[in-house]
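Here is a sequence together with a model predicted from it:
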Amino acid sequence: MLNYIWAALMLLSILCAALTGRMEALSGAILSGAADAVTLAVSMAGMLCLWTGLLHIAEEGGVTAALSRALSPVTRRLFPGLPPQSPALRAVCSNLTANVLGLGNAATPLGIAAMRELQKVSATPYEADRRMVFFVVLNTASVQLLPTMTGALRAQWGSRSPFDIVPAVWLASAGSLAVGLFTAWLLERRR
């Protein structure tokens, strides 16, 4: 479906440019947009490699295990029945660590791994159980203490203080997490 929407937007742009006699401006925008996309992808790849490597080092160094212990009062309530040293809980904590550091792109593969581990311990592996739903809410809310990728993008585009958005990110993260968890809890109770 999304492919059709993108195709329609491109065709509409070409049609509008042709009807208004601005095909040259459209061509220039396409070429500059492609160059900007490559520059953005390369700069984000560098940041992503750095933080993914640091996350791997943190996991090997026991930081994820320490975080798992620190988060255990919360994770015991959100993911009941998971032993503290289970691969599923470690995967969930790795994903939460990536999200807390603002590494959404690095959190995605960790989130997929966590969902696979949660699926392995689920009584109904092909149907989302309570733990899977609450994990999706946590992952989607993406609680960030340090919005690294957003700060890097703001710095790349010339922001003088790329991390001045931190208080707004904290409020948005806390708000989306609270609403998401409350809604999941409410829908679970109705069931």
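That came through fine.

The lowest-mean-pLDDT helix or strand in the chain: how far from the chain's middle?
Ranking every helix and strand in the chain by mean pLDDT, DSSP states H and E puts helix 63-70 at the bottom, with a mean of 73. Centroid separation for helix 63-70 versus its chain: 20 Å, with Cα atoms, centre = their mean, to the nearest Å.

and the helix or strand harbouring L187, how far from the chain's centre?
Using DSSP states H and E, L187 maps to helix 166-190. From the chain centre to the centre of helix 166-190 is a distance of 15 Å (Cα atoms, centre = their mean).

Tell me the helices and strands packed up against it.
Judged by 3 or more Cβ pairs under 8 Å, 6 or more residues apart in numbering; DSSP states H and E, the packing partners of helix 166-190 are helix 130-141. From N, CA and C alone the C-beta is placed, and that goes for glycine too.

Next, the buried residues of the helix it packs on.
Neighbour-count burial for helix 130-141 flags R130, R131, M132, V133, F134, F135, V136, V137, L138, N139, A141 (criterion: 16 or more other Cβ atoms under 10 Å).

Next: stretch 40-50.
Counting neighbours by 16+ other Cβ under 10 Å, one finds that the buried residues in stretch 40-50 are M47, L48.

All further residue positions should be reported with the first residue as 31.
Happy to do that; since the first residue is 31 now, the last one works out to stretch 70-80.
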